[in-house]
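K.L.:
Build me a structure from this.
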Amino acid sequence: MIRLAITFLLASCCFGLASFAGASPPPVEFSFCAGIGGPTAPGSLYQVPLTEEIIKASRSGFEDVRVFDGADKEVPFVVIENAPPHETIETYPLEIIGYDRGGAAAVVVMRLPEKHRPIGIVDLDIADRDFKKRVRLSGSSDGKNWSQLAEDSIFDFSSHVDVRKTRIEFPSTDGRYYRLAISDVGQPSEGQTNIRLKYEGLDFGVNGVEKKELRILSARGSTGNTAERHPVYDQRVVPSVAAKADKDGNSVIVLPGGVPIRRLSFNVANPYYSRTVQLYGSDTGTEDSYRLLASGVIYRFPLSSERHEERNALEPSVPKQAYYKIVVLSRNNPPLEISGLTLSWVQQNLYFIALKEGDRYSLCYGNSKVRRPDYDIVNFVNQGTLSRHSYARLELAPAQPGTGAPVALRDRLAGMEKAVLRSIVVLLVIGMGTWLYALMRRTGKH
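P.N.:
Numbering: from 1, shown residues only. Predicted structure coming up:
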């Protein structure tokens, strides 16, 4: 009898677990489904943008996203982020072949190796600290006829603040020769206000820091322009934030998550600052559950009376978290006046191939039972080959809640609990009965 009861209990548990099996549940068992609008043609590739609502409601990596046709059959797809494909960046040494200190600027002439790809970046290796210079970069294919490529500033305040810039960016060019003119930042003209700000021992003046000759140890040219390789972002704008002070006087901001963060931008009203920002993430939002994800420095300081150098964004590249906590370290300074934030992530697009003429498709998401799909389409439609395909864009209709997944999951769990409880009661009754029977037999003998 006891063996029979145990067998019944195991069968009940196995039956309950088996009810969770199934690789492709129907659309009704997903939390949400949205119709994919527009007519389709068989064999054609289509793009569907994935909105913030889909990113928040689906599992990490879009494991529970599915596309279904009009007959509720699963349709293969691939999700590709809207970012340029990885490009190998090559760096070449720039040989210094000329130097002239005459006039108001020092002029350095440099040359690339004979074999090179077009470059869009020049990095200078400068040994000095605490300087601010104006630079003009020109390019030439023969070393005689020059055209201006960029006019920028290079500077270093690293003795006091972790701020240094010795990179010059410009539209890519295949010229072999480059001429760099370096001059001091000019004095303010008559009538201009002579601004001088002091911040933790560092003197920010419109007249610049101490003028000095720079020692350029070496120079390098790199292919491409970083500005041209930026991905396309979707974003969530937080127009106002409520920052609280912790026990150390740091500003703490807690935000709901649900989306990954590739860029975190701040709207700051202060005229000058340099602060370390720490980004934490949590799955539950409890105080002891946050873990450090990334940190960086944001700053703003006057480079001249008309121009300010600033960096008000971090690029942490972290997966989505349920909650985010931002800590701005104040040290001995007053808190920053942060008026708003922007959370940005790389735009995600779904691609699928229509199978039937004029068929209607739907995109469903939100299901804890399904696993990440493995489709053949990823082998020939991917980030490296997408530019060679032609495709049409389709928009999503408003999502409708499903009636299957959340309710069915709760009902199945409740059913399993009842079956297990019944089995336990049956076992207890059988066990008690067997024990009483054995006890009565022993009592009868005495």
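
K.L.:
Could you check how far the residue nearest to Phe157 when sequence neighbours are not counted is from Val28?
P.N.:
Excluding its sequence neighbours, the residue lying closest to Phe157 (Cβ to Cβ, 6 or more residues apart in numbering) is Val163, at 4.9 Å. From N, CA and C alone the C-beta is placed, and that goes for glycine too. From Val163 over to Val28 the distance is 57 Å, taken as Cβ to Cβ, to the nearest Å.

K.L.:
And for Ser141?
P.N.:
66 Å.

K.L.:
next one: phi and psi at the most centrally placed residue in the chain?
P.N.:
In the chain, the centroid-proximal residue (Cα atoms, centre = their mean) is Arg262; its distance is 2.1 Å. Arg262 adopts backbone torsions of phi -100, psi -30, taken as degrees, to the nearest 10.

K.L.:
List the contacts of it.
P.N.:
Applying Cβ atoms under 8 Å, 6 or more residues apart in numbering to Arg262 gives the contacts Pro231, Tyr233, Glu315, Pro316, Ser317, Ser344, Trp345, Val346.

K.L.:
from what I can see the third one touches Ser265, true?
P.N.:
Read it as Glu315. No - with contact defined as Cβ atoms under 8 Å, Glu315 does not count as touching Ser265 (9.8 Å).

K.L.:
in stretch 335-348, what's buried?
P.N.:
Residues of stretch 335-348 classed as buried: Leu336, Ile338, Leu341, Thr342, Leu343, Ser344, Trp345, Val346, Gln347, Gln348 (neighbour count, 16 or more other Cβ atoms under 10 Å).

K.L.:
ok, how many other residues are close to Glu114?
P.N.:
6 (other Cβ atoms under 10 Å).

K.L.:
What are the neighbouring residues in contact with it?
P.N.:
By Cβ under 8 Å, 6+ apart, Glu114 lies in contact with Arg176.

K.L.:
Quick one: the strands in the stretch 301-446 of the chain, in order.
P.N.:
Using DSSP state E, counting those that start in this stretch, the strands of the stretch 301-446 of the chain run over 308-311, 313-314, 323-328, 338-346, 348-353, 361-365, 392-393, 400-401.

K.L.:
if you average pLDDT over the third one, what comes out?
P.N.:
Okay, so that is strand 323-328. The pLDDT scores in strand 323-328 average 97.

K.L.:
What is that strand packed up against?
P.N.:
strand 251-256, strand 273-282, strand 338-346 (3 or more Cβ pairs under 8 Å, 6 or more residues apart in numbering; DSSP states H and E).

K.L.:
quick check: angle from it to strand 338-346?
P.N.:
Using axes from the mean of the first three to the mean of the last three Cα atoms, to 10 degrees, the direction of strand 323-328 lies 130 degrees away from that of strand 338-346.

K.L.:
who does strand 323-328 pair up with?
P.N.:
With DSSP bridges as the test, strand 323-328 is paired with strand 251-256 (antiparallel), strand 273-282 (antiparallel).

K.L.:
contacting residues around it?
P.N.:
Applying Cβ under 8 Å, 6+ apart, the set of residues contacting strand 323-328 is 243, 246, 250-257, 261, 264, 275-285, 290, 335-336, 338, 341, 343.

K.L.:
cool, the last one as well?
P.N.:
Identification of contacts with strand 400-401 by Cβ under 8 Å, 6+ apart yields Ser31, Phe32, Cys33, Ala34.

K.L.:
burial count for the first one?
P.N.:
Ser31 is flanked by 19 other residues according to other Cβ under 10 Å.

K.L.:
Hmm, it is touching Lys369, no?
P.N.:
No - if you go by Cβ under 8 Å, Ser31 and Lys369 don't touch, sitting 11.5 Å apart.

K.L.:
Which single one of the contacts of Arg262 is nearest to Ala104?
P.N.:
Minimum distance to Ala104 across those is 37.5 Å, recorded for Glu315 (Cβ to Cβ).

K.L.:
Identify the residues contacting that closest one.
P.N.:
Neighbouring residues of Glu315 by Cβ under 8 Å, 6+ apart: Arg262, Arg263, Leu264, Gly296.

K.L.:
can you redo the strands of the stretch 301-446 of the chain as a markdown table with distance to Gly103?
P.N.:
A markdown table is the format used below for the strands of the stretch 301-446 of the chain (distance: least, Cβ to Cβ, whole Å):
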| stretch | distance to Gly103 |
| --- | --- |
| strand 308-311 | 26 |
| strand 313-314 | 38 |
| strand 323-328 | 45 |
| strand 338-346 | 45 |
| strand 348-353 | 53 |
| strand 361-365 | 65 |
| strand 392-393 | 56 |
| strand 400-401 | 72 |
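
K.L.:
Of those strands, which is nearest Lys115?
P.N.:
From the strands of the stretch 301-446 of the chain, taking Cβ to Cβ, the stretch that ends up closest is strand 338-346, at 34.3 Å.

K.L.:
what helices or strands is the closest one leaning on?
P.N.:
If you count contacts as 3+ Cβ pairs under 8 Å, 6+ apart, strand 338-346 packs onto strand 233-238, strand 251-256, strand 263-268, strand 323-328.
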